[in-house]
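Dropping a prediction and its sequence here:
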Amino acid sequence: MDDEIRQILKDHGRLPDSIETLPRDADLYQAGMTSHASVNVMLALEDHFDVEFPDEMLKRSVFASIAAISAALTELRAEATAA
């Protein structure tokens, strides 16, 4: 899943540095992602993974790192499977 997240960040995150070398727990905002870019990333993640982020997940911390995004997507997929 991390590779897919990295590709979406590369395409939509507008990060100045190479996403391939960024540690999975690195702060994406400190790496240069803007709030506007994070919205584009969120929309691309929803399209790619066929999920919808609920309102309670629409906060900076959910999109702060590859690890945080991965955890959120894992949670959303588990909820979808349980429903």
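Done, it's in. Numbering: from 1, shown residues only.

host element of the residue most central in space within the chain?
In the chain, the centroid-proximal residue (C-alpha atoms, centre = their mean) is residue 69; its distance is 4.1 Å. When elements are assigned from DSSP states H and E, residue 69 belongs to helix 66-82.

where are the low-confidence patches of this protein?
Scanning the chain with the threshold set as pLDDT under 70 gives no residue ranges.

ok so, going back, can you pull the contacts of the residue nearest to the centre of the chain?
Taking C-beta atoms under 8 Å, 6 or more residues apart in numbering as the criterion, residue 69 is in contact with 5, 41, 45, 62-63. (Glycine included, C-beta is placed from N, CA and C.)

which of the residues in the helix holding residue 69 are buried?
For helix 66-82, burial by neighbour count (16 or more other C-beta atoms under 10 Å) applies to 66, 68-69, 72-73, 76.

What of stretch 54-68?
62-66, 68.

Now render these as JSON lines, adding distance to residue 35.
As requested, those are arranged in JSON lines below (distance: C-beta to C-beta, whole Å):
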{"residue": "62", "distance to residue 35": "13"}
{"residue": "63", "distance to residue 35": "9"}
{"residue": "64", "distance to residue 35": "12"}
{"residue": "65", "distance to residue 35": "15"}
{"residue": "66", "distance to residue 35": "18"}
{"residue": "68", "distance to residue 35": "15"}
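
Alright, I will stop here.
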